[in-house]
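Q: structure of the sequence below:
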Amino acid sequence: MAASTIWTPKRDGDREHDPIRGLDYVWRPEVAKRSVAWFGKHLTHVKGPDAGKPLIFAPWQADFLGALYGWRVLGHEELRRYRRGFLEVSRGNGKSTQSAAIGLKGLVGDGKPAPMVIGAATDRESAAIVFGDAARMVRANPNLTARLKVIDSTKRILRRNALAGRYLVISSEAHRAHGYHPDLVIFDELHTQPDRDLWDVLSTSQINLDDALMFAITTAGFDRTSICWQVHEAALRACEDRALAPDLLAAISAADDGDDIESPKVMLKANPNLGISVLQSNLMAELEKAKRDPAYMNTVMRLHYNIWTEQDGRWMPMKEWDACAGIVDELSLANRRCYMGLDLAQVNDLTALAILFPPEDRDSGVYDVLMRFYAPESVLAGRTDYQVWRDRGLLTVTPGNATNYAFV
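A: Numbering: from 1, shown residues only. Okay, here's the model as predicted:
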């Protein structure tokens, strides 16, 4: 699955209307060209075999960046068209480098008098990955070092001149993000967010800014109740019809179910930087490892082929699991011999009860299983997935702040 909303007309002045915002957008190829050139002029690669060389992006990345900066608001061409960006691609394809570069351009290259750039992730260590790339890029350029001060201890980059401007890192403790009004947010590995709180806080904080950008990067996840899945689905819809989200620039590179994952074409489909930052030999080695250890296959599918899986690890293939599905008539189980397994949570984790009914006719080989899950009501406040399971009748909520054994 390769999909994007990238559209780069060849003619200067081509337009597109946004019925949602009531604006017209105009394509300025010279602005796109100048913006992409900015990265190679001011920044260098800071890791890999190209470390120290000018930051020249691969064609697919240059197309994305050109579209990001080249589409402007007609009549207000100091403003970008896109207020949202979404890049979903397999690990190792330069997402962090690209994001760090966008962050530094937002800090010193977009001409804003006092920009605020926020790097967000599940925790400060994760957000520091993109920050670390940005910090190394600054230190590699004497001109940037003269203009910017890197503070590693607090994960900040400050402009040295009288005009304020800062790049800072925050984690998913969303309450700390209130009060910020960032011109640019870089959301790293969106699929790891435990809930949508931080996303909502930061996206709504840009409502009063004319030229703000919310930019998320991620690999595929497995939680289909997460904010990442919701953004992923919205991006796919926009890729099919730009009119659904004219201010969203999205690019998704992934294999499809049924693809021959050993085919170089499929590898390239999910890894646009194949042969650049992703080595085919290493990818083949990961596949061989997964063949020997089937539990590792989901990891390879998610991280190296960008396929959303049904779970984090795989104990058995999903087709085999799905083949076990069926309707269980609970009334017919009365007086049947059964075995029960109970996993009691100590405080506020899930409590699980499994009830296994062996077949009455041993030759049939059909086992019936009933599952019951419990969680204290206090846990649901921060867990969107638990709320969805509760609403579907899959989770029983127990009163109090900790697991209520008597209730169970």
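Q: how close does residue 286 get to residue 255?
A: Using CB to CB, to the nearest Å, residue 286 is found at 13 Å from residue 255. All C-beta atoms are positioned from the backbone trio N, CA, C, and that covers glycine.
Q: which one of these two is surrounded by more residues?
A: residue 255 (25 against 16; other CB atoms under 10 Å).
Q: so the more buried one touches residue 261, yeah?
A: Yes. Between residue 255 and residue 261 there is a contact at 6.2 Å, judged by CB atoms under 8 Å.
Q: where do the contact lists of the two overlap?
A: When contacts are counted by CB atoms under 8 Å, 6 or more residues apart in numbering, residue 255 and residue 261 are jointly contacted by 301, 305.
Q: what pLDDT is listed against residue 171?
A: In this model, residue 171 is scored at 86, pLDDT.
Q: residue 305 is in contact with residue 274, isn't it?
A: No. Using CB under 8 Å, residue 305 is not in contact with residue 274; the gap is 11.6 Å.
Q: so between the two, which is more surrounded?
A: When neighbours are counted by other CB under 10 Å, residue 305 and residue 274 differ, and residue 305 comes out ahead with 26 against 19.
Q: contacts for whichever strand or helix holds residue 167 next, please.
A: Following DSSP states H and E, one finds residue 167 within strand 166-170. Residues outside strand 166-170 that contact it (CB under 8 Å, 6+ apart) are 103-104, 107, 115-121, 124, 127-128, 131, 134, 154-159, 176-177, 180, 198.
Q: could you point out which element follows it?
A: Strand 166-170 is succeeded, C-terminally, by strand 184-187 (DSSP H and E).
Q: can you list the buried residues in the very next helix or strand once past that following strand?
A: Per DSSP H and E, the first helix or strand lying C-terminal to strand 184-187 is helix 197-204. Using 16 or more other CB atoms under 10 Å as the test for burial, helix 197-204 gives 197, 198, 199, 201, 202, 203.
Q: next: stretch 293-312.
A: Within stretch 293-312, the residues that qualify as buried are 296-302, 304-309, counting by 16+ other CB under 10 Å.
Q: just checking the distance from it to the centre of its chain.
A: Taking CA atoms, centre = their mean, to the nearest Å, the mean C-alpha location of stretch 293-312 is offset from the chain mean by 15 Å.
Q: same question for that stretch, mean pLDDT?
A: In this model, stretch 293-312 carries a mean pLDDT of 88.
Q: alpha carbons of that stretch, as CSV, please.
A: Written as CSV, here are the backbone C-alpha positions of stretch 293-312 (Å, rounded to 0.1, in the frame of the first residue of the first chain):
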residue,chain,number,x,y,z
ASP,A,293,10.9,-17.6,15.0
PRO,A,294,7.2,-17.1,14.0
ALA,A,295,6.6,-15.0,17.1
TYR,A,296,9.0,-12.4,15.6
MET,A,297,7.1,-12.2,12.2
ASN,A,298,4.6,-9.5,13.5
THR,A,299,7.5,-7.3,14.5
VAL,A,300,9.0,-7.6,11.0
MET,A,301,5.7,-6.9,9.3
ARG,A,302,5.1,-3.8,11.4
LEU,A,303,8.5,-2.3,11.6
HIS,A,304,10.0,-3.2,8.2
TYR,A,305,6.9,-3.6,6.0
ASN,A,306,4.7,-1.0,7.7
ILE,A,307,1.7,-3.4,8.0
TRP,A,308,-0.7,-2.8,10.8
THR,A,309,-0.9,-6.1,12.7
GLU,A,310,-3.6,-7.5,15.0
GLN,A,311,-1.3,-7.7,18.0
ASP,A,312,2.3,-6.7,19.1
